[in-house]
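Engineer: Based on what follows, work out the 3D shape:
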Amino acid sequence: MTLEFSVLASGSTGNAFYVGTDQQKLLVDAGLSGKQMEKLFAEIHKDPNDLDGILVTHEHRDHIHGLGIMARRYRLPIYANEKTWKAMEGKIGDIKLDQKFTIDMETTETFGDIDVETFGVSHDAAEPMFFVFHHNGKRVALVTDTGYVSERIKKTVEDADVYIFEANHDIEMLRMGKYPWNIKRRILGDHGHVSNEDSALALTDVIGNETKRVYLAHLSQDNNMKDLARMSVSQILNERGFHVGRNIELHDTDPRVPTPIYQVG
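Structural biologist: Predicted coordinates for the structure are as follows:
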């Protein structure tokens with residue numbers, strides 16, 4: 001049995017991530033409408049009825065917009081930490097008590113044959129956390145929505161087989177762009193989002209012998225472009241001897257189009 005995943009949607013308009021095995025199927029975040037979520041699942045030929053639960057990274061709308069709808073429609077348990085649960089009050093509608101579960105930060109929880117390791121990130125949310133998924137010695141690390149990649153995060157995610165890694169903005173595009181200064185300052189700050197350059201530099205510290213793929217995620221629609229992100233990250237990785245296209249594949253993600261299912265193995 002292999003670990004498989006798809007980045008269903010990634011960006012400021014909505015985020016969702018599917019990961020599963022033959023035994024266990026999980027959704028991380030549901031940042032689009034219920035209808036859009038169902039469309040994304042149809043595009044990867046998966047049935048939401050087969051899901052076993054939803055993990056929540058944090059309470060921002062682009063991560064929970066369709067959470068309540070998906071949980072109620074498919075009778076799915078939701079797993080979030082206590083501060084995130086509190087922050088989601090009034091945002092996701094009524095959730096039955098037997099669908100509410102707490103998962104703590106800096107722990108490893110077992111879901112069927114998938115071990116889910118949680119870790120905190122630096123973002124302007126109640127207690128944002130992301131995940132490393134373990135199955136049969138393979139690891140997929142999901143790292144977005146952080147203002148910087150700390151040494152603690154690097155240690156947690158180092159030498160994963162696959163990274164879904166934030167490359168939110170090009171610094172010059174952001175600085176010259178239309179956003180008000182307070183928004184620019186938030187994005188550039190320690191509780192904002194990682195730039196293309198900082199993403200690449202962090203990746204050079206965590207990529208190991210097992211690493212085969214990197215998906216650049218949570219690209220800003222106003223302050224980045226896929227080609228620019230790929231070029232910026234590739235240039236730094238190549239300069240550091242990582243040989244994009246030979247040793248490591250670099251992939252795009254999209255706010256509306258899911259990545260093809262990839263089996264890690």
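
Engineer: next one: the biggest helix by length in the chain to chain centre, how far?
Structural biologist: Identified as the longest helix of the chain according to DSSP state H is helix 226-239. In terms of C-alpha atoms, centre = their mean, to the nearest Å, the centre of helix 226-239 is found 20 Å from the chain centre.

Engineer: elements contacting that helix?
Structural biologist: With contacts taken as 3 or more C-beta pairs under 8 Å, 6 or more residues apart in numbering; DSSP states H and E, helix 226-239 sits against helix 196-206, strand 213-217, strand 249-252. C-betas here are computed from N, CA, C, even on glycine.

Engineer: do that again at 6 Å, thanks
Structural biologist: Packing contacts for helix 226-239, counted by 3 or more C-beta pairs under 6 Å, 6 or more residues apart in numbering; DSSP states H and E, involve helix 196-206.

Engineer: In the helix it packs on, which residues are buried?
Structural biologist: In terms of neighbour count (16 or more other C-beta atoms under 10 Å), helix 196-206 has its buried residues at Asn196, Glu197, Asp198, Ser199, Ala200, Leu201, Ala202, Leu203, Val206.

Engineer: Dump these to CSV, plus pLDDT.
Structural biologist: Output for the buried residues of helix 196-206, formatted as CSV (pLDDT from 0 to 100):
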residue, pLDDT
Asn196, 98
Glu197, 98
Asp198, 97
Ser199, 98
Ala200, 98
Leu201, 98
Ala202, 98
Leu203, 98
Val206, 98
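
Engineer: pretty sure Asp115 is touching Thr108, no?
Structural biologist: Yes: using C-beta atoms under 6 Å, Asp115 is in contact with Thr108, at 5.5 Å.

Engineer: Ala217: how many residues sit nearby?
Structural biologist: 29 (other C-beta atoms under 10 Å).

Engineer: returning to what we had before: between Asp115 and Thr108, who's got more neighbours?
Structural biologist: A direct count of neighbours by other C-beta under 10 Å for Asp115 and Thr108 places Asp115 higher, at 14 against 11.

Engineer: The residue lying closest to that one once chain neighbours are set aside and Asp222, how far apart?
Structural biologist: In space, and not counting its chain neighbours, Asp115 is closest to His134: 4.0 Å by C-beta to C-beta, 6 or more residues apart in numbering. From His134 across to Asp222, the span is 36 Å (C-beta to C-beta, to the nearest Å).

Engineer: Show me which of those two is the more surrounded one.
Structural biologist: The neighbour comparison of His134 against Asp222 (other C-beta under 10 Å) goes to His134, with 18 against 12.
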